[in-house]
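**Student:** whatever this is, show me its structure:
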Amino acid sequence: MQLDWWTLGLQIVNFAVLVWLLHRFLYKPVLDMVDARKAEVQRQYDDADAALDKAKAQLAAVEAARTGMAAEREAAVKAAVAEAQRAAEALRRQAQRDAQALLEGTRKTLAGERAQALAEARTVALDLGADFAQRLLAGVPMELRAEAWIERIEQHVAALPERERDALRRQLADGAALTVVTASPLPPATAEAWRNRLRRGLGDDGADILFAADATLIAGAELHFPTAVLRFSWQDTLATLRVEVGGHADTR
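**Tutor:** Got it, this is the predicted structure:
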């Protein structure tokens, strides 16, 4: 086997460009949005601090005025100061409660929006990665792709407990066929090699094995027994990843 270094180099460049595009047009805007939300929360918190400072300034003015009053009015001034203090304290506590509630609400909103944005970014990255991988895989000779997948299938079948492998063999009794579905049609020689290797792996030299193609699998293969399906395709892997991404977003 010989590698086409020019093709490999171009694929690497394409991958680097893809990563750069994801960073510039997806991840960076999400970070900018988060920073903007943080700045808004800080501004609102500063407004609450300003209101508290104003209340303190008013209290200080009342106390200064009390100092200059005549002795006969001292009792009334003290009462007014006490009332002002109570009002200022109530205002301070209310401002703190409002600021805290606003801050908590904003944090929850930011967390939800960030989780949603990250989930959407992961989904887009997953789709782009799958498309790029599919294009990259298209440059690999069919024989090499087929060999990689049949080896994976053989390893899986060999690792099955004998009871499960025997159950699969029994499904092929009485002329029932095993249908091997691949993303691309296998060349006749490759299909015959797969047939022989699958028969050896299942321990059934007379098993009837048919072949079909389904482009939606993207890559890989599926073994369709009469009542069971063994999946080794990218379509199945991507579906699992999308479920995991969605579940990850829901838990945030």
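**Student:** looking at this, residue 181 is in a helix?
**Tutor:** No - with DSSP: H, G, I helix; E, B strand; the rest coil as the criterion, residue 181 is strand rather than part of a helix.
**Student:** give the contact list for it.
**Tutor:** Neighbouring residues of residue 181 by Cβ atoms under 8 Å, 6 or more residues apart in numbering: 211-214, 217, 221-224. Placement of C-beta: from N, CA and C, glycine included.
**Student:** just the buried residues of the residues you listed.
**Tutor:** The neighbour-count test (16 or more other Cβ atoms under 10 Å) applied to these identifies 211, 217, 221-224 as buried.
**Student:** sorry, back to before: ok, which pair from the contacts of residue 181 is furthest apart?
**Tutor:** The span of these, defined through Cβ to Cβ, is set by 213 and 223 at 14.2 Å.
**Student:** residue 231: which element?
**Tutor:** Assigned by DSSP states H and E, residue 231 falls within strand 229-233.
**Student:** on contacts alone, who are the packing partners of that strand?
**Tutor:** helix 142-159, strand 220-224 (3 or more Cβ pairs under 8 Å, 6 or more residues apart in numbering; DSSP states H and E).
**Student:** kindly recompute the last result at 6 Å.
**Tutor:** Applying 3 or more Cβ pairs under 6 Å, 6 or more residues apart in numbering; DSSP states H and E, we find strand 229-233 packed against strand 220-224.
**Student:** strand partners (parallel or antiparallel) of the strand it packs on?
**Tutor:** Here strand 220-224 has these sheet partners by DSSP bridges: strand 177-182 (antiparallel), strand 229-233 (antiparallel).
**Student:** following the first one, which helix or strand shows up next?
**Tutor:** Past strand 177-182, heading to the C-terminal end, the next element that is a helix or strand (DSSP H and E) is helix 188-202.
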